[in-house]
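Student: Okay, predicted coordinates and the sequence, questions at the end:
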Number of protein chains: 4
Amino acid sequence: MPNAFFSDLLSSIAERGRGLLRQKNWPSDSAGQANNLIDMCRALLTGRGEATGVAIAAEVLGRYRTLEARRGFFSALERDFGPDHEKLEKAIGNWKAAPDDRTAADLHYASEPRRLELFRRLNRAPGGTAALVDMRADLLSEMRANKTLAPIDKDFTHLFASWFNRGFLVLRRIDWSTPASILERIIRYEAVHEIHDWDDLRRRIDPPDRRCYAFFHPALTDEPLIFVEVALAEQIPGAIAPLLAHDRAPVAPERARTAVFYSISNCQKGLAGVTFGNFLIKQVVEELRRELPRMETFVTLSPVPGFRAWLANAEDAPIDREALPLVASLDDPSWTSEPEQAERLRKIVEPLAAHYFLKARLPDGRVVDPVARFHLGNGARLERINWMGDLSRKGLKESGGVMVNYLYDLDEIEKNHEAFANQGEVMASSAVKRMLKGERQIFGIPAPSFAQG
Amino acid sequence: MPNAFFSDLLSSIAERGRGLLRQKNWPSDSAGQANNLIDMCRALLTGRGEATGVAIAAEVLGRYRTLEARRGFFSALERDFGPDHEKLEKAIGNWKAAPDDRTAADLHYASEPRRLELFRRLNRAPGGTAALVDMRADLLSEMRANKTLAPIDKDFTHLFASWFNRGFLVLRRIDWSTPASILERIIRYEAVHEIHDWDDLRRRIDPPDRRCYAFFHPALTDEPLIFVEVALAEQIPGAIAPLLAHDRAPVAPERARTAVFYSISNCQKGLAGVTFGNFLIKQVVEELRRELPRMETFVTLSPVPGFRAWLANAEDAPIDREALPLVASLDDPSWTSEPEQAERLRKIVEPLAAHYFLKARLPDGRVVDPVARFHLGNGARLERINWMGDLSRKGLKESGGVMVNYLYDLDEIEKNHEAFANQGEVMASSAVKRMLKGERQIFGIPAPSFAQG
Amino acid sequence: MPNAFFSDLLSSIAERGRGLLRQKNWPSDSAGQANNLIDMCRALLTGRGEATGVAIAAEVLGRYRTLEARRGFFSALERDFGPDHEKLEKAIGNWKAAPDDRTAADLHYASEPRRLELFRRLNRAPGGTAALVDMRADLLSEMRANKTLAPIDKDFTHLFASWFNRGFLVLRRIDWSTPASILERIIRYEAVHEIHDWDDLRRRIDPPDRRCYAFFHPALTDEPLIFVEVALAEQIPGAIAPLLAHDRAPVAPERARTAVFYSISNCQKGLAGVTFGNFLIKQVVEELRRELPRMETFVTLSPVPGFRAWLANAEDAPIDREALPLVASLDDPSWTSEPEQAERLRKIVEPLAAHYFLKARLPDGRVVDPVARFHLGNGARLERINWMGDLSRKGLKESGGVMVNYLYDLDEIEKNHEAFANQGEVMASSAVKRMLKGERQIFGIPAPSFAQG
Amino acid sequence: MPNAFFSDLLSSIAERGRGLLRQKNWPSDSAGQANNLIDMCRALLTGRGEATGVAIAAEVLGRYRTLEARRGFFSALERDFGPDHEKLEKAIGNWKAAPDDRTAADLHYASEPRRLELFRRLNRAPGGTAALVDMRADLLSEMRANKTLAPIDKDFTHLFASWFNRGFLVLRRIDWSTPASILERIIRYEAVHEIHDWDDLRRRIDPPDRRCYAFFHPALTDEPLIFVEVALAEQIPGAIAPLLAHDRAPVAPERARTAVFYSISNCQKGLAGVTFGNFLIKQVVEELRRELPRMETFVTLSPVPGFRAWLANAEDAPIDREALPLVASLDDPSWTSEPEQAERLRKIVEPLAAHYFLKARLPDGRVVDPVARFHLGNGARLERINWMGDLSRKGLKESGGVMVNYLYDLDEIEKNHEAFANQGEVMASSAVKRMLKGERQIFGIPAPSFAQG
């Protein structure tokens, strides 16, 4: 109720603003809307003092919402709100005359794109932060057709990285006593294993062996930024279906020793590129250790979304010519119901998967799998490769049914991270490494021959 | 309790961090502490990825707190964490080759002082925001002796202006049901009319005709940024003592038509220069209008802290030679108990005060009084000059006992603000202007002769 | 989270209790469970002091939950926990000797059924209140077959009427930001117009022209006791379907002048007979007047659940012989799609409905319709009879498709209530009374002949 | 803010009530005020239905607050609101005819004093519970002069015992983030070791080794019912002064093994006789065990308020004639600064104190000391007698400077309690028992001679 109270209050400030603005005769007809908006943005920047700044900002954001000609608005934003060239030249002159830290810093502030100050002033309006995040989402979709808008995006990214600093985020547990307005978004934003309806949601957050946590920003009420779903288990699981089964028996939390992060979803398109996942996982590990001191193992159960594409296209995939038809048979899901064929596939796919993680690399030297890059970059270790872990359509299509576990051992994270970040070394359990050895035996190909250059 | 929970949790992350750092053998002996801190700051910046960044940040802030050699730390911060000259030169080259918005923006990001990213990363630690605000307070006191640290301050100011954007602030009412931990700070931070003890505080926030509001930032729990004390009244008051009298009878809120802002205090030294007051007053006006729809008048009851100094020193003060001894008699407070002398003083001081506001200017053309600059800059109008409004020692010494009312009329604010910001025109009531006319009669000096150049 | 904390804490007290009880060798085998429970109840009552009372109470309630032989338990409760006959006889003796208020009061306390103290002691256990409310729900269903348990129910009713006193209830608004755990119960408990799923629920509580309020008791967290659904409207509505239509356009709250209470549902079977509805409606009227000062009219849109049954059976229904086939045609819903037949029915049913409310009475003199008794008893006025207001299967079957509006005019409530309570007079609008006049014309029967004796 | 909201709302209901009541012409002049109040109470009881019951209740309570003639009001309450004699006689007749549980229960309900229903209806008004608790406090002070009002008090006690059932109480920690409105009451209600001002309060609740917990009832917002102050310590303390010293060094909570309950205060005079202390201590023990799992020992540090009075008056105090002057020297506090005299006193007072607890009894067989009765009745054990534990004026005067520790060992509580409750046996440590042995040696008197009859 206090929140509602203040949002009403802020709206009333905006109301008043609109009154003031009408006096200014800024036309609200559709022709020239974008121009008008840009004029108002200029007024917001140039007005000395801030007598009615909040009102103008609210008006700009309100009009933007119903603006049809967004492309025009963004183009003007790109063209007219960059750095002030005159000030810039002068600052360069000063730097040339005396190239020290002070003139360098002056140069920095002199060259700030005016957009940044514009965005900061727009943010003062009620609901400003949410409106700006939405504006960037619009921008990203405009940018697919129009790369010249990239400088605006650079400014947004820089600003949001500062505003959504981890120190400002709040971790909240999501459970069945969470407001429906938030839960509705959890259903909508889940990106890994779809949540079908409210009953499905409840199975993920309400049983005693399930947890869900999200990061929130105080200025985005009711809007999770990222959330993670966790299952408490006795053992490290190898497949997703039993974890999500309707009729499974819950594990008593006091018997659980393993926490399984089986789904992480970013929620805000407008915050793409601002990273939260690393912080979220680590804080949730800390929280679970605190709440359940007997918890020993923290792992993910993750898809391998780049595996099949790599198998199909990569020239460095170490597949014997005779094995090609077998690999190709992955295209038709019917193998999942033929145990013998599945077993034959297992023998060939497991070593390939190990190779995919441990040896295969992109041309720029990075690990191929995007999910792997995320977890390994966080300092996790590749713990297990699970054959037939995800037999859903998507799981078969992207990952060949394989799932993996990344292990978060807080005492090893830094070491793992540094080895990965500095030497590109993938930390993996001996079980995974043994699969790679199996590879040599099966294909009779000496490992070095397909090692990374 | 949730807050306590998370602060414990965050502390435990910091704990872990300390463990990791001990392995690194960063010595914690007093010799070379500042150097070690600087080394850790460098590690925080250069570490690719962020495996243990929160832990290092917590360690840096923890060690900083007990650091004796702060001067050394700040010097290194100034010297070693400025912009990257090499990147800067390259960016200048690109700009020279193709001087467009894109190369200008690149130049902006290339010239960012490394301190800014350092501060952003330190902010990730638990309690990071508060620690950084405190660090800047330390810096400001170091800067009194050492102006070369100014570039660090410029970076802090820029960053805090962005982080403490009005859109992130939360208005909360302060009353007798507010936690003691916050009330304790209200007592401590009150800067205008001292709060002597808890009973005194209660008289300011608990009666039905009193209000107090503060802005908070979500990352600074329990720490008000700025607060304003309000008295509901039937009329515009001319003196502070009756408002704060122990034995006064409260006004029934439904009879009040006037809200009096009689004290505004900034709370955080480390946020000096980041302005909140303008936004606070306007939002409180909105809130009071909402809660008490019959409220008609919103005024301050303000000191005139620059008046006596100006009287004593300003060459442009229009004082007749004969009047000088009378003006000088203000030095001895005994006149306050001599009605005739007081009346004689009134006749001479009121026109001088009107002159002080309406005519006197600093060499740079600004209005002399800092409180006047604040309220007039917000778009308020100088409504009344009150003779013998504040007979406290401080009031007599700084303001010659004079108090003034600034009137906030939301419908006039923009117009007033623009006249003041653009033409330097001070909006004042006709009553105040009439006082100025009186001036001419008394001193027999044509007004133009001491008009602003 | 604090709640979770304390419920854990309380559970741990219960845990400890169980430990203590095991030492006592109360068997937990299924044979003789009820007897054991009764033994424990006796221990709870007779133990001087209260060293482990909370633990025993928790154990009793825990075992009761899994008890199969509830009938045996209730029988023992009826047989062994009544008043103490010896004390009673003594108190009667004292009264006979000196029949004054003091001996009368002593008699009162001497004759208290021991069950009452038992229930009060059971209530000390964590979750005790909810467990007792559930126990009474069980009792009510046992009582269908076994009327001898009625004295237990009398004690429960008396105790709950005291514990669920209106002064202890908390009104909370239910909306889309309400925890899912509560919303789930709103879906489940809605008794008038079924809520089909979460989308349906959202249409009832989320749009700006909808409100929902519930009473809660502090000891029954997350459990609404009763709730009312409200639609804001421009006019008094005559039919339910448009109000619940999926594709309706919401009314802007500032244009609404009428609040329509279209559904009131009790939630707790175990609280049957403890009345909340009267208080709820009146408090919601106050709250809406406060939030939306322009609101002028507060009405219900109510079913007439006893109408068809009365039409079919009542001997005093003033139906002409010729009209009987027409009335009978109400049995087949097909008339709703035949405008002419519907119009013919309207002419006959409206006066009958007016008669049903204004003239028909039960043998004990009470108004026939239970919903009418509730609202008229609250002091509302019968405002309108709406032909074809509810064409749902249930609406046609019970109410012949008729709905009515009861008007709550706070300034008339007391007068209306007293006229109804003391003289049995039904306050009705002149429109409703005119319908009754119509009745005379149509049927040619003088009104007095079927007036209430 | 929600609370404020609803209390406003409820007030507005009361407002309306007053309007309705004015129409009734209940005079509000001072003459006959009590009569008018009683008339309104009757109206509240007899009004069928409850159309305006909340309003009448609010009016009754409002008028009661300003009533001068309380004695008259209470007399009428005693005289006119007892049981209904006619119904009672009829119920006795039914019981005589068929003396079974049903007629007995009917007798119970028939004999209920009408006051009880009156109080329940008054409780429906906003703030009703607090007003009734205050009314009973008034009653208790009237009763000092007028014992005939006792029946009203019996009804209050019965009702409050039911309403303030432990299952409805909420435990809250009191610390420096607690609202000032509650802390103010902690200062006011502290009954054992006075809290002098806000700084003193802060020393009791803010340091890391201090805890304070209170029980609240949901209907008495901001009003603690009872609170306990706890010090965390490494050892069982023997004196109060070091615990409350201004300059003491706090104990790190992780090093503490002992929780010391050094002050328990009831807050509401109107709830005298309704016991909370037993439940409070036990729940706080549970909570501390949970929060600080290393905590091993839970003791009180308690005064012995009946000791000096017993020493002075009791005929069974086993004091040798020669020792009498020494005992008498306790009257003059100067001994506390004379080590030798103090040591002489110690040798004689310790055994006497042990005797006081272990042997001395009131004529009715109860233990003499009221604090001892409370803790021993809760199942605690007398653990230590501390010579010179409290040298404050009060401590010397009442307890001869002695303090004791009662130990709460949850595993022994039931056994201790039963031994105490059933056999009157005082559980004590062997150290305390040894002191008693010392007694025999010193006085040469065989123990049996002053054993309890």
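Tutor: Looks like it came in fine.
Student: C-alpha only now, for contacts and for neighbours.
Tutor: Noted.
Student: Check the burial of the residue in chain A that chain C sits nearest to by counting its neighbours.
Tutor: Closest approach between chain A and chain C, counting by C-alpha to the nearest C-alpha: A:Pro179, at 3.9 Å. Burial measure for A:Pro179: 20 neighbouring residues, criterion other C-alpha atoms under 10 Å in any protein chain shown.
Student: so where is the stretch 101-250 of chain A shaky, pLDDT-wise?
Tutor: Counting by pLDDT under 70, the stretch 101-250 of chain A shows no low-confidence range.
Student: need the helices for it, in chain order.
Tutor: Assigned helices in the stretch 101-250 of chain A, in chain order: A:101-110, A:114-122, A:128-143, A:150-163, A:180-189, A:198-205, A:241-244 (criterion: DSSP state H, counting those that start in this stretch).
Student: just checking, what packs against the second one?
Tutor: Right, the one you point to is helix A:114-122. The contact analysis (3 or more C-alpha pairs under 8 Å, 6 or more residues apart in numbering or on different chains; DSSP states H and E) places helix A:114-122 against helix A:33-46, helix A:53-65, helix A:128-143, helix A:150-163.
Student: got a list of contacts for that helix?
Tutor: With C-alpha atoms under 8 Å, 6 or more residues apart in numbering or on different chains as the test, helix A:114-122 has contacts from A:41, A:44-45, A:53-54, A:57-58, A:60-61, A:77, A:81-84, A:128, A:132, A:152, A:155-156, A:159, B:162, B:165.
Student: Now list the buried members of the residues you listed.
Tutor: Neighbour-count burial (16 or more other C-alpha atoms under 10 Å in any protein chain shown) applied to the contacts of helix A:114-122 gives A:41, A:44-45, A:53-54, A:57-58, A:60-61, A:77, A:81-84, A:128, A:132, A:152, A:155-156, A:159, B:162, B:165.
Student: Spell out the residue ranges of the strands in chain A.
Tutor: A:170-173, A:210-216, A:224-233, A:258-266, A:297-300, A:381-386, A:403-407 (DSSP state E).
Student: what's the distance between the first one and the middle of its chain?
Tutor: How far strand A:170-173 lies from its chain's middle: 17 Å, per C-alpha atoms, centre = their mean, to the nearest Å.
Student: what does the fifth one give?
Tutor: Here the centre of strand A:297-300 is set off from its chain's centre by 20 Å, with C-alpha atoms, centre = their mean.
Student: mind listing what's buried in stretch A:192-210?
Tutor: Buried residues in stretch A:192-210 (16+ other C-alpha under 10 Å): A:Ile195, A:Trp198, A:Leu201, A:Arg202, A:Arg203, A:Arg204, A:Ile205, A:Asp206, A:Pro207, A:Asp209, A:Arg210.
Student: ugh, typo on my part, it should be stretch A:338-347
Tutor: A:Ala342, A:Leu345, A:Arg346.
Student: near chain D too, which of those residues?
Tutor: The subset of the buried residues of stretch A:338-347 within reach of chain D, by C-alpha under 8 Å from any C-alpha of the partner chain, is empty.
Student: Quick check: bridge partners of the residue in the stretch 51-200 of chain A that chain D sits nearest to?
Tutor: Closest residue of the stretch 51-200 of chain A to chain D, C-alpha to the nearest C-alpha: A:Pro179 (17.3 Å). Beta bridges link A:Pro179 to C:Pro179, judged by DSSP bridges.
Student: Just give me the residue right at the centre of chain A.
Tutor: A:Asn266 (4.4 Å; C-alpha atoms, centre = their mean).
Student: Surely A:Ala180 and C:Ser177 touch.
Tutor: Yes - between A:Ala180 and C:Ser177 there is a contact under C-alpha atoms under 8 Å: 5.6 Å.
Student: Among these two, which residue is more densely surrounded?
Tutor: Neighbour count, other C-alpha under 10 Å: between A:Ala180 and C:Ser177, A:Ala180 has more, with 24 against 18.
Student: which residues touch the more buried one?
Tutor: C:Trp176, C:Ser177, C:Thr178, C:Pro179, C:Ala180, C:Leu183.
Student: could the residues you listed go into TSV alongside distance to B:Asp364?
Tutor: Rendered in TSV, the data for the contacts of A:Ala180 read as follows (distance: C-alpha to C-alpha, whole Å):
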residue	distance to B:Asp364
C:Trp176	57
C:Ser177	54
C:Thr178	57
C:Pro179	59
C:Ala180	62
C:Leu183	64
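Student: between these, which is nearest A:Gly400?
Tutor: C:Ala180 (37.3 Å; C-alpha to C-alpha).
Student: For that closest one, give its distance to C:Ile187.
Tutor: Going from C:Ala180 to C:Ile187 by C-alpha to C-alpha, to the nearest Å gives 10 Å.
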